[in-house]
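K.L.:
give me a 3D structure for the following:
(one chain, ligands or ions: 3)
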Amino acid sequence: MTQTITLTRPDDWHLHLRDDALMAAVLPHTAREFARAIVMPNLKPPVTTTALAAAYRDRILAALPTGMAFEPLMTLYLTDRTDPAEVARARASGFVHGIKLYPAGATTNSDSGVTGLDKVMPALEKMAELGLPLLVHGEVTDPDIDVFDREAVFIDTILAPLLVRLPQLRVVLEHITTRQAATFVAAAPDNVAATVTAHHLLMNRNAMFTGGIRPHHYCLPVLKREQHRQALVQAVTSGSSKFFLGTDSAPHARHTKEAACGCAGMYTAHAALPLYAEVFDRAGALDKLEAFASFNGPDFYRLPRNTVKVTLTRTPWTVPAEYPFGGHTVVPLRAGEEVQWTLVD
Ligand SMILES: NC(=O)N[C@@H](CC(=O)O)C(=O)O
Ligand SMILES: [Zn+2]
Ligand SMILES: [Zn+2]
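P.N.:
Numbers count the residues shown, from 1 in each chain. Ligands and ions are numbered 1, 2, ... in the order given. Okay, the predicted model is just below:
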């Protein structure tokens, strides 16, 4: 049995850092594991301009503990009013690496999201022209569509037609959860890729109901059936360069998840790389972890690969019950339970 793996330092291509004291609380977990991260723009109010992204980037860098090397890769939040000139400013900035499409109402802080693709066509055309990736929360918001079907319906009714209209557009389908998404991305041309979270690779929808309702296993897109989890594991261990690591680590204060109407999002930054290592280990595919975690993402984003190496050992450790979170606490994935791999400092 492999006891140690050494790989190129990875990056996280989908991360929620929040802001202010909340950000300061979670940022060290990510910076310890990852060289860079695509920082999602769903703050309140959202990060809709290059100027707001620059200020957010400065706040992240200021919150970084001294001695920690970490580069935030910024994103803008696409709205019905995003001006193509703003797309051009973002592209020219050098620090904005994508623009995020949230269908209005689809997930946490998506009220300012897009209400119809026709409204954002000028911005999308400019993105296609400039090669700036569109990052997509791929779920329809129609309340008549079953919550477990919203990703598959989004692919058929929105994403596929969009790629017919703009075949050059570079698209990352974020946090994919279904066999349909894995199949679609695998078959699509090279300008279409996907991030996959550790939690969607590790758990199926039964994890939300083990012995009672489990609010800390609720996220969007919601966990799916076992056959979908297996399709995701197959995709990330297949050797395809279209799938890469994106934790979607999405911290919410404990009391906002343990509530009558709890927030969507799982916190995984404390153990992200060890959790992915469990997935690849169980699939007998530890040799595929490095490309997924460290090569496919930078190659898609046209950024240099990292050069520093990191080491994981097969050493189990117990995750704390909670972590401080700006005057509150956040309950991490596997709270009070073991993770099988340890990242060596
Ligand atoms: N994934 C989630 O369940 N929540 C994310 C938003 C998102 O990525 O959709 C959040 O910001 O909390
Ligand atoms: Zn999302
Ligand atoms: Zn997210």
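
K.L.:
and the closest residue to residue 40 other than its chain neighbours, backbone torsions?
P.N.:
Of all residues not flanking residue 40 in the chain, residue 16 sits nearest, at 5.0 Å (CB to CB, 6 or more residues apart in numbering). From N, CA and C alone the C-beta is placed, and that goes for glycine too. Main-chain dihedrals, residue 16, degrees, to the nearest 10: phi -110, psi 120.

K.L.:
distance of residue 16 relative to ligand 2?
P.N.:
9 Å (CB to the ion, to the nearest Å).

K.L.:
now residue 99
P.N.:
For residue 99 relative to ligand 2 (CB to the ion), the value is 14 Å.

K.L.:
correct me, but the residue nearest to residue 40 touches residue 249?
P.N.:
Yes. Proximity of residue 16 to residue 249 meets the contact threshold set by CB atoms under 8 Å, at 6.4 Å.

K.L.:
more neighbours, those two?
P.N.:
Just comparing residue 16 and residue 249: by other CB atoms under 10 Å the higher neighbour count belongs to residue 249, 29 against 24.

K.L.:
tell me the pLDDT of that one.
P.N.:
Residue 249 is assigned a predicted lDDT (pLDDT) of 99.

K.L.:
pretty sure it contacts residue 268?
P.N.:
Yes. Using CB under 8 Å, residue 249 is in contact with residue 268, at 4.6 Å.

K.L.:
list residues touching both of these two?
P.N.:
Residues touching both residue 249 and residue 268 by CB atoms under 8 Å, 6 or more residues apart in numbering: none at all.

K.L.:
picking up where we left off before, dump the residue contacts of the residue nearest to residue 40.
P.N.:
39-40, 42, 248-251, 265.

K.L.:
show me those residues that map onto strands.
P.N.:
Counting by DSSP state E, the part of the contacts of residue 16 found in strands is residue 39.

K.L.:
what helix or strand does residue 18 sit in?
P.N.:
For residue 18, there is no host helix or strand (DSSP states H and E).

K.L.:
confidence score at the closest residue to residue 137 other than its chain neighbours?
P.N.:
Excluding the flanking residues, the one nearest residue 137 by CB to CB, 6+ apart is residue 102, at 5.0 Å. Note on residue 102: pLDDT of 97.

K.L.:
which residues touch residue 102?
P.N.:
42, 77-78, 110, 112-114, 137.

K.L.:
also residue 236?
P.N.:
Residue 236 neighbours (CB under 8 Å, 6+ apart): 196, 201, 243, 279-280, 288, 292.

K.L.:
and the residue nearest to residue 262 when sequence neighbours are not counted, how many neighbours?
P.N.:
In space, and not counting its chain neighbours, residue 262 is closest to residue 215: 4.3 Å by CB to CB, 6+ apart. If you count neighbours by other CB under 10 Å, residue 215 ends up with 16.

K.L.:
would you quantify the distance from residue 215 to ligand 2?
P.N.:
18 Å.
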